[in-house]
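Participant: pasting a predicted model and its sequence here:
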Amino acid sequence: MTRTLSAVLSALSLSLVGCGMSVATPDVAAYQQSVSALQTAVTAHQSDSASTTTSQDCIAEHQRYEALARPQIGLMTNMSGGMDDCGRAMGHAGPFDMFSMCGSMQSELDRHAAAACTGDAAANHAEAARHCGLMRDWLAREQTGVNSMSTGGGMMGGGRCSR
């Protein structure tokens, strides 16, 4: 259902652009800020998790990370549809599946929340490293999409997404 709705919206966006209309440009700068904030949180989480030695320290670190990461993923998810639509309207379908990547990051954050701090220190460190590696990979792909939108050869002129 979501893919069908996305395909319909993409086709509508393309037809509007093809008719000389333009699609409202998403706030690329705000999206970039969320990507950067999440990258910072992930980097700090891996570093800080590596130094935890007790279960209480692990739990406190995980709670700190959750308080930073969840809101950023929520913001990115809310903006990702507009980012995807604009990118597709520009004919750059490759990197523009930010909505799906946000969903993957949300699922991974949920999985990590269930697994974090459930083992000994070594297992907890390994879980944090595994989680942070996946998050960094997804964020690198998100960054590619953001970069192509912000430096896309003038594709975003006058606050509009247009060909």
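Facilitator: Done, it's in.
Participant: tell me which element the residue nearest to Glu66 when sequence neighbours are not counted is part of?
Facilitator: The shortest distance from Glu66 to any non-neighbouring residue, by C-beta to C-beta, 6 or more residues apart in numbering, is to Ala113 (6.6 Å). To be clear about C-beta, it is placed using only N, CA and C from the backbone, and glycine gets the same treatment. Taking DSSP states H and E as the definition, Ala113 sits inside helix 98-115.
Participant: could you list the low-pLDDT ranges of this protein?
Facilitator: 1-25, 92-96, 151-163 (pLDDT under 70).
Participant: looking at it, which helix is longest?
Facilitator: helix 55-89 (DSSP state H).
Participant: buried sites along it?
Facilitator: 57-58, 61-62, 65-66, 69-70, 72-73, 75-77, 79-89 (16 or more other C-beta atoms under 10 Å).
Participant: then stretch 121-133?
Facilitator: Ala121, Asn124, His125, Glu127, Ala128, His131, Cys132.
Participant: so who does the first one touch?
Facilitator: If I follow you right, that is Ala121. Counting by C-beta atoms under 8 Å, 6 or more residues apart in numbering, Ala121 touches Thr52, Thr53, Thr54, Cys58.
Participant: for the last one, which non-adjacent residue is spatially closest?
Facilitator: Distances taken as C-beta to C-beta, 6+ apart place Cys117 nearest to Cys58, at 3.9 Å, with adjacent residues excluded.
Participant: assign that neighbour to helix, strand or coil.
Facilitator: Here Cys117 takes the coil state, with states given by DSSP: H, G, I helix; E, B strand; the rest coil.
Participant: show residues contacting stretch 132-144.
Facilitator: The contact list for stretch 132-144, computed with C-beta under 8 Å, 6+ apart, reads 35, 38-39, 42-43, 45-46, 49, 76, 95, 98, 101-102, 104-105, 108-109.
Participant: and what of stretch 61-68?
Facilitator: Applying C-beta under 8 Å, 6+ apart, the contact partners of stretch 61-68 are Ala37, Leu38, Ala41, Ala44, His45, Asp48, Ser49, Thr52, Leu109, Ala113, Ala116, Cys117.
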